[in-house]
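Participant: Could you work out the structure for the sequence below:
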Amino acid sequence: MSFSTLFPALDTCTYLNTANAGVLSTSLQDWRSAHDADHLTAGSDLRIKHSSIFTELRHNLSLLFGAEQKNIYLITNFSSGFNITLDGLDRGHRFLLLTGDYPSLNYAVISRGFIYAEVPMCADLEDQILAAIETYKPSVFAFSIVQYISGIRFDPQFIKEISTTYPDLILIGDGTQFCGTAVFDFSSSGLDAVISSGYKWMLGGYGNGFIMLSDRLKNQLYQDRKNLNLPDTSILGERSNLSVIFEPGHLDTLCFGSLNQSLIYLQSLSLHNIERMSQSICGQARTALYDRGLVPQSLINRKSQSTIINLPLNSSMIERLASNHVLCSNRGSGVRLSFHFYNTRKDLDHLLSILDQKN
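Facilitator: The predicted structure follows:
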């Protein structure tokens, strides 16, 4: 199946950069153009016409990821949602972090003065995490479900094991490099929060994201505001304190409508098929790159695989990839490749042909 008609960017290059930003579809561009045309002619009536977008988006997120709609909030990106969450937690919490995790995650915890410990990235990462939980006894473990540099993905059963073994430990997952790549049911995941931007694997464009909360964490946030009365205005309707905290002011109908349109498309494909297609091409890539000595055995042996691969390439090879229109990203000490459902064997063969060039 070719997706280049729907995603024109795929015809301009070998696009292995969804971990940086997902490509936009022609159908989404049509919707966005119609939305802005409405704004041009309708003025303030635009929000009346599109007032159902936010409820529909929460509903679609609930269907796609198995979270309760009442526990889903719309945010502009992961960083804003995570910061809001941290500011609602008691300052006595002890955090466990991963060294080299997404900067907006670790920095947000450290800069607020929370007590924390870090687990270094290593081949036996899961064992080291369990050991750190036993010795350090954190009250919150915050981590990216898929690591943005290495592409290491935590196995869902490992997360459930932590949740079952340490039921008082709050688990907060950054889902930005995960949501939209695989089947996921939040309600049975063991996680207390998944926070994600929508512009990468969700293909929703910039300026949108979401947070899904467990009842337990939801009840712990912003304890000092629970008994405060909201302003007496009909504009707020029946919104809760937490809704006003996570979603202050007006939400952008263009940004969140774009995410909603992309969700409708992803639902039409189904996450099962998306996972099957992306894992197929990424698995082929991983094997071919391992055969060339570019992927370590430790990555090959991992039970759960993401759709991100990081290669240790020199500067001349990086320049060669760019000159041959392979779009990827420098991350960490290597080059990050990312494969989504729209990537093909032709993309992989083009990549391999460049890597195999001797001069």
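Participant: all strands for this structure, in order.
Facilitator: With DSSP state E as the definition, the chain shows strands at residue ranges 14-15, 72-75, 94-98, 115-119, 140-144, 170-174, 193-197, 209-213, 308-311, 326-327, 329-331, 334-338.
Participant: longest helix of this protein?
Facilitator: helix 271-291 (DSSP state H).
Participant: From the contact counts, what lies against that helix?
Facilitator: With contacts defined as 3 or more C-beta pairs under 8 Å, 6 or more residues apart in numbering; DSSP states H and E, helix 271-291 has these neighbours: helix 297-300, strand 308-311, helix 345-355. Where C-beta positions appear, they are placed from N, C-alpha and C, glycine not excepted.
Participant: do that again at 10 Å, thanks
Facilitator: Judged by 3 or more C-beta pairs under 10 Å, 6 or more residues apart in numbering; DSSP states H and E, helix 271-291 is in contact with helix 253-269, helix 297-300, strand 308-311, strand 334-338, helix 345-355.
Participant: For the ones you listed, give me JSON lines that also has mean pLDDT, mean neighbour count and distance to Arg47.
Facilitator: Output for the helices and strands packed on helix 271-291, formatted as JSON lines (pLDDT from 0 to 100; neighbours: other C-beta atoms under 10 Å; distance: least, C-beta to C-beta, whole Å):
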{"stretch": "helix 253-269", "mean pLDDT": "97", "mean neighbour count": "20", "distance to Arg47": "6"}
{"stretch": "helix 297-300", "mean pLDDT": "89", "mean neighbour count": "12", "distance to Arg47": "48"}
{"stretch": "strand 308-311", "mean pLDDT": "96", "mean neighbour count": "24", "distance to Arg47": "38"}
{"stretch": "strand 334-338", "mean pLDDT": "95", "mean neighbour count": "24", "distance to Arg47": "36"}
{"stretch": "helix 345-355", "mean pLDDT": "97", "mean neighbour count": "16", "distance to Arg47": "41"}
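Participant: Now distance to Pro120 too, for these, in JSON lines please.
Facilitator: As requested, the helices and strands packed on helix 271-291 are exported to JSON lines (distance: least, C-beta to C-beta, whole Å):
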{"stretch": "helix 253-269", "distance to Pro120": "35"}
{"stretch": "helix 297-300", "distance to Pro120": "14"}
{"stretch": "strand 308-311", "distance to Pro120": "17"}
{"stretch": "strand 334-338", "distance to Pro120": "17"}
{"stretch": "helix 345-355", "distance to Pro120": "29"}
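Participant: and of the ones you listed, who's closest to Leu228?
Facilitator: Relative to Leu228, the nearest member of the helices and strands packed on helix 271-291 by C-beta to C-beta is helix 253-269, separated by 26.6 Å.
Participant: thinking Phe78 is in contact with Pro103, fair?
Facilitator: No - taking C-beta atoms under 10 Å as the contact criterion, Phe78 and Pro103 are not neighbours in contact, 11.2 Å apart.
Participant: Neighbour count for those two, which is higher?
Facilitator: The residue with the greater number of neighbours, taking Phe78 and Pro103 and applying other C-beta atoms under 10 Å, is Phe78; the counts read 26 against 10.
Participant: OK, contacts around that one?
Facilitator: Phe78 sits next to 102, 104-105, 108, 144, 174-177, 194-198, 200, 209-211 when contact means C-beta atoms under 10 Å, 6 or more residues apart in numbering.
Participant: mind redoing it with 8 Å?
Facilitator: With contacts defined as C-beta atoms under 8 Å, 6 or more residues apart in numbering, Phe78 is in contact with 102, 104-105, 174-176, 195-197, 209.
Participant: on that earlier part again, just put the strands of the chain in CSV and tack on distance to Leu351.
Facilitator: Written out in CSV, the entries for the strands of the chain read as follows (distance: least, C-beta to C-beta, whole Å):
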stretch, distance to Leu351
strand 14-15, 6
strand 72-75, 34
strand 94-98, 29
strand 115-119, 32
strand 140-144, 25
strand 170-174, 27
strand 193-197, 26
strand 209-213, 30
strand 308-311, 10
strand 326-327, 6
strand 329-331, 14
strand 334-338, 7
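Participant: looking at those strands, which one has the lowest mean pLDDT?
Facilitator: Mean pLDDT is lowest for strand 329-331 among these, at a mean of 91.
Participant: what comes up buried for the least confident helix or strand in the chain by mean pLDDT?
Facilitator: Across the helices and strands of the chain, the lowest-confidence element by mean pLDDT, DSSP states H and E is helix 45-49, at a mean of 76. Judged by neighbour count (16 or more other C-beta atoms under 10 Å), helix 45-49 contains these buried residues: Leu46.
Participant: where does the stretch 101-250 of the chain dip in pLDDT?
Facilitator: Under the criterion pLDDT under 70, the flagged ranges of the stretch 101-250 of the chain are 229-230, 232-238.
Participant: what about the helices in it?
Facilitator: With DSSP state H, counting those that start in this stretch as the criterion, the stretch 101-250 of the chain has helices at 103-111, 125-136, 156-165, 215-220, 241-246.
Participant: OK, contacts around the residue nearest the centre of the chain?
Facilitator: With distances taken as C-alpha atoms, centre = their mean, the chain has Thr176 as the residue nearest its mean C-alpha position (1.2 Å). Residues in contact with Thr176, defined by C-beta under 8 Å, 6+ apart, are 78, 102, 144, 148, 195-197, 200, 209.
Participant: and the two most separated of these?
Facilitator: Taking C-beta to C-beta as the measure, those span a maximum distance of 15.1 Å, between Tyr148 and Gly209.
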